[in-house]
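> Return atomic coordinates for the entry below.
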Amino acid sequence: MAWITGDRVLLRAWERDDVRIRWETDQTPDATELRLRDWHGPPRSLAAREAEFEAIDPDDESVVALVIVAEDRVIGDVRLFDIDRRNRMGRLGISIWRAEDRNRGYGSDAVTALVRWAFRELNLHRVELTVDPSNARAIHVYEKVGFVREGVLRETHYAEGAYSDALVMGVLDHEFESRLQKRREEGAPSVRQA
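The predicted model follows:
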């Protein structure tokens, strides 16, 4: 898999230079991203991130990690993880790294492209995710793509001296395809074939 295309973004494999771009972006004082970044793990040095990148097992079929390219530059990352081939499901995560790249449709295009690929190429039946219930922007993107609110995991994340909940959302292959078909019939742009 070299790349997956959306209407506005291209999803491709990580390269070593992308690790530096992400690390440099993490050094900026973006309050929203700083709060949400805590869900991904503690801060790490560039050397530690590069070592993690070098240690990735290319044969691990439980993770598909990609960068998002828009306007000829890397703007974020998206991944499927905990891929379970027997039960045909996986979990999704996305991050748009810079404030100026948010609210431009890149996230929904990237999620749509990856979910379409997961269903059509990996033959998954279900894609799920968890999201901070206060992250209205992300929830809007997921619902726009077709994810449905399924429940709340109570007090699962500890940050800034308090526990917070995690909203569980999921989409099934037939629901997603039905939504794409409806968009085509309405004449809305749809994700191109990869």
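> alpha carbons only for contacts and neighbour counts from here, please
Will do.
> mean confidence for stretch 12-32?
On average, the pLDDT along stretch 12-32 is 82.
> Please apply the same query to stretch 48-55.
Stretch 48-55 carries an average pLDDT of 80.
> What helix or strand is residue 28 located in?
Assigned by DSSP states H and E, residue 28 belongs to no helix or strand.
> Distance from the chain centre to stretch 71-85, please.
Centroid displacement of stretch 71-85 relative to its chain, using Cα atoms, centre = their mean, to the nearest Å, is 5 Å.
> Now do the buried residues in it.
Residues 74-81, 83 are the ones in stretch 71-85 that count as buried (16 or more other Cα atoms under 10 Å).
> same check, this time on stretch 46-65
Those would be 49-50, 63-65, for stretch 46-65 by 16+ other Cα under 10 Å.
> Let's see which of those residues end up in strands.
Cross-referencing the buried residues of stretch 46-65 against strands under DSSP state E gives 64-65.
> In a markdown table: the buried residues of stretch 46-65, plus distance to residue 113.
Shown next, in a markdown table, are the buried residues of stretch 46-65 (distance: Cα to Cα, whole Å):
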| residue | distance to residue 113 |
| --- | --- |
| 49 | 26 |
| 50 | 27 |
| 63 | 16 |
| 64 | 13 |
| 65 | 13 |
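> Residue 74 belongs to a strand?
Yes: counting by DSSP: H, G, I helix; E, B strand; the rest coil, residue 74 falls inside a strand.
> Assess the claim that it and residue 95 are in contact.
No: the pair residue 74 and residue 95 does not pass the contact test of Cα atoms under 8 Å, sitting 11.4 Å apart.
> Nearest to residue 185 among the buried residues of stretch 46-65?
Comparing those against residue 185 with Cα to Cα places residue 64 closest, at 30.9 Å.
> who's the closest one bridged to?
Applying DSSP bridges to residue 64 gives these bridge partners: residue 80.
> Pull the contacting residues for it.
When contacts are counted by Cα atoms under 8 Å, 6 or more residues apart in numbering, residue 64 touches 79-81.
> Having no further points to raise, I will conclude here.
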